[in-house]
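J.: Here is a sequence together with a model predicted from it:
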Amino acid sequence: MEFLTLNKIDVTYDKKKTVLKGLNLEVKEGELVSLLGPSGCGKTTTLRVIAGFIEPSGGEFILDGRNYTKVPVHKRNFGIVFQSYALFPHLNVYDNVAFGLKLQKLKKAEIKRKVEDMLEICGLSEFADRFPGQMSGGQRQRVALARAMVIQPKLLLLDEPLSNLDAKLRINMRVEIKRLQKKFGITMIFVTHDQEECFSISDKVAVMNNGLIEQYDTPENIYLKPKTEFVARFIGFNNFIPLKKQSGGIFITERKELIQVEQETKLEEGLGTIRPDDILLADETVSENVMNATVGVRTFLGRSYQYEVDSTAGKLVVNAPIGKVYEPGDRVRVQLPKNKIIIVRKSM
Amino acid sequence: MKKQLPYLLLMPGSILLIVFLILPLIKVLFPTIYEGTFTVKNYREFFQDAYFMKILIRTLKIAVLCTVISMFLGVPTAYFISRCNKKKRGLLLALTIFPLLTNSVIRSFAWINILGRNGIVNTLLMNAGIIEKPLTLLYTEFSILVGSIYLFLPLMIITVAGTMENIENDLMEAAESLGASRLSAFIKIVLPMSIPGIIVGNILVFTGTLTAYTTPQLLGGNSNLVLATFIYQRAMSLGDWTGAGVVAAVMIAATMVVLRIFNALAAKIDERGEKYA
Ligand SMILES: Nc1ncnc2c1ncn2[C@@H]1O[C@H](COP(=O)(O)OP(=O)(O)OP(=O)(O)O)[C@@H](O)[C@H]1O
Ligand SMILES: [Mg+2]
């Protein structure tokens, strides 16, 4: 039984602009799930549907066996961390964190205990009397987290909570978020468009494109076994060769070259994809998946050279060690190791 | 040379203020405290005069009522306007300002038509059989109050709406997510954050009503004098410029006191202790 289910959610803005088209998502209790995708793909919209700020035009949202689709925001008891933090500027840190508890009409002593505990956990005890305007970005971020978590929410929603912080603080904060998530066992939905952040923190990742989830999987599987061209491109594959299945592990290119692929796939037709790092510039002795190619542009990357080569299977990007340097026009042989090729579905 | 530039730039404005505002003010006020020697005689006489006190209290009463009522009507309206989308907001603000575009004499005449013995209100009430004889609505404190609210409410609305517009929607959503209904989010977030605007609005309406001349003149008649109409009567009809000066001084003092009160209030409400006016 899933804890959270989004079932065929449709969202249309201004009666004509469809942003989510039958979006499905399932999350287990205590999981941290990231929504990853390019700008405008509908991550925030999905999160706002869950939060209750947007009522979907179709579909339903079930949490813990209860239909939340039409429950008003203030009755949901979900914690939300906004990209802008949205701290109340006229209240000090203590009162910001106590805001939700006061509305729950708890006893004063209990509110005090809970707020102080939470400030302690978030390392904010010394700032209790400060106003948001007197704090740094990282501190505000922690206040926003404390405020959302102190109400013991059923679900914690975070919309790019780290995007306003510098790189180093970002890494600290994401470790912090993960620690708090494990400590309280809160189910979290985390929106980001930073891959590294997303992979390091998530139990599962939903890669979104154009209002749809293209792949929903563990970070490892997304990274190693992308299912679609879009996902592969998004995580750094940039060689795509149209292939058709011939038999077993043999595929055929448009120029009738045979390519061996180790990975098993049900696709009869698709794109063979491989990272630039995994393509080898081969010598005469190798024969598996080897193609003739002409060197084009060369770029220095520090650890390696990147070549654009024109192969019989089309243009390829290859990263090669800096030991040997090739010049534009040189004829080379490139090898696509069969265990590194992944067959993905072509995206529109 | 560089350091002198700002002062040079201030010159034209300062000269204008000194020549056309400060000097005449001194010329009006000085005779009220100096008659050969310095004296407070004029002021003592005025404060002992029951007629004058009645006018002072009436003026303050109308100004306070007008301010409070404008606040209660204006704040929710401003909130409504500030939460509309951009297009609608522009339209509503334009409608709010619309009455300010006509001359205040004309606006007051409109109220004469509405409140007069044979005005719209009385005609409606009599036709509906609710009253038998026309009510005396015009040339009362009530008619001055109504006219003043009509005149100054837009000021309250646009100042408060201006502050409320700057309150990020995120804050409202954050409050809602923490369990606040729309109403309690308004009371706990929007209202305290709008204090600067509300205070400025109150100051504008209060000083405006306190010093208004046209509306009380046209809607109050001769039996309902307020400070401004009283000054005019003293100076123009009776030629008593010293008396008029005394009233003017009292009016200025009242305005200052009220500004101080509002400031103290603002500091008390907002612990961060910013000054608004
Ligand atoms: N209030 C709105 N009215 C109309 N269109 C909107 C509105 N909010 C978002 N959109 C549109 O919906 C689409 C999805 O927006 P959304 O904010 O969900 O994207 P996102 O994935 O969060 O992007 P980003 O990474 O830039 O935050 C975008 O094309 C956007 O222009
Ligand atoms: Mg977004």
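T.: All right, it came through fine. Ligands and ions are numbered 1, 2, ... in the order given.
J.: Can you report how many residues lie near the residue in the stretch 1-150 of chain B that ligand 1 sits nearest to?
T.: Of all residues in the stretch 1-150 of chain B, B:N85 sits closest to ligand 1, at 9.5 Å by CB to the nearest ligand atom. C-beta here means a position set from N, CA and C on the backbone, and glycine is covered the same way. For B:N85, the neighbour count with other CB atoms under 10 Å in any protein chain shown is 7.
J.: what's it sitting at in phi/psi?
T.: Backbone geometry at B:N85, expressed as degrees, to the nearest 10, gives phi -70, psi 170.
J.: Check the gap between it and chain A for me.
T.: 10 Å (CB to the nearest CB, to the nearest Å).
J.: how far away is that residue from B:E165?
T.: Per CB to CB, to the nearest Å, B:N85 is found 12 Å from B:E165.
J.: Please name the spatially closest residue to residue 84 (chain neighbours excluded).
T.: The chain I'm using is chain A. Spatially, and ignoring its direct neighbours in sequence, A:S84 is nearest to B:D170 (5.2 Å; CB to CB, 6 or more residues apart in numbering or on different chains).
J.: hmm, I had chain B in mind actually
T.: B:L92 is the one closest to B:C84 (CB to CB, 6+ apart), at 6.4 Å.
J.: Just the local confidence number for that neighbour, please.
T.: The score at B:L92 is 94. That number is its pLDDT.
J.: list the buried ones in the helix or strand where it lies?
T.: For B:L92, the host element (DSSP states H and E) is helix B:86-97. Using 16 or more other CB atoms under 10 Å in any protein chain shown as the test for burial, helix B:86-97 gives B:89, B:92-93, B:96.
J.: Then stretch A:214-233?
T.: In stretch A:214-233, counting by 16+ other CB under 10 Å, buried: A:214-217, A:219, A:222, A:225-233.
J.: got it, and stretch B:237-252?
T.: B:241, B:243-251.
J.: swap in stretch A:118-129?
T.: A:118-119, A:121-122, A:124, A:127-128.
J.: ok, and what's touching it?
T.: A:92-94, A:97, A:116, A:135, A:139, A:142-143, A:145-146, A:149-150, A:176, A:180, A:183 (CB atoms under 8 Å, 6 or more residues apart in numbering or on different chains).
J.: Now the buried members of those residues.
T.: A:92-94, A:97, A:116, A:135, A:139, A:142-143, A:145-146, A:149-150, A:176, A:180.
J.: Among those, which are located in helices?
T.: A:93-94, A:97, A:116, A:139, A:142-143, A:145-146, A:149, A:176, A:180 (DSSP state H).
J.: where does the stretch 101-250 of chain A have low pLDDT?
T.: Applying pLDDT under 70 to the stretch 101-250 of chain A flags no residue at all.
J.: Those residues of it touching chain B, which are they?
T.: Residues of the stretch 101-250 of chain A found near chain B (CB under 8 Å from any CB of the partner chain) are A:103-104, A:131, A:133, A:147-148, A:151.
J.: if you set the cut-off to 10 Å instead, what comes out?
T.: A:101-105, A:129, A:131, A:133-134, A:144, A:147-148, A:150-151, A:153, A:157, A:159 (CB under 10 Å from any CB of the partner chain).
J.: coming back round to it: could you export the buried residues of stretch B:237-252 as CSV, including distance to chain A, secondary structure and pLDDT?
T.: Output for the buried residues of stretch B:237-252, formatted as CSV (distance: CB to the nearest CB, whole Å; DSSP: H, G, I helix; E, B strand; the rest coil; pLDDT from 0 to 100):
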residue, distance to chain A, secondary structure, pLDDT
B:W241, 49, helix, 90
B:G243, 47, helix, 89
B:A244, 45, helix, 91
B:G245, 44, helix, 92
B:V246, 43, helix, 92
B:V247, 40, helix, 92
B:A248, 39, helix, 92
B:A249, 38, helix, 93
B:V250, 37, helix, 92
B:M251, 34, helix, 91
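J.: ok so, going back, quick one: which of the buried residues of stretch A:118-129 is nearest ligand 1?
T.: A:C122 (25.4 Å).
J.: So what's the residue count around the closest residue to A:L169 other than its chain neighbours?
T.: Among residues not flanking A:L169 along the chain, A:G138 sits closest, at 4.7 Å (CB to CB, 6+ apart). Close neighbours of A:G138, defined as other CB under 10 Å, add up to 18.
J.: what about residue 109, neighbour count?
T.: You didn't pick a chain, so chain A it is. If you count neighbours by other CB under 10 Å, A:A109 ends up with 8.
J.: meant chain B actually
T.: Using other CB under 10 Å, B:F109 has 13 other residues around it.
J.: Can you give me the distance of it to B:G147?
T.: For B:F109, the distance to B:G147 - CB to CB - is 10 Å.
J.: Need the residues touching each of those two.
T.: Among the neighbours of B:F109, those also in contact with B:G147 (CB atoms under 10 Å, 6 or more residues apart in numbering or on different chains) are B:218-219.
J.: With respect to chain A, which of the buried residues of helix B:86-97 is nearest?
T.: Of all the buried residues of helix B:86-97, B:R89 has the smallest distance to chain A: 17.0 Å, by CB to the nearest CB.
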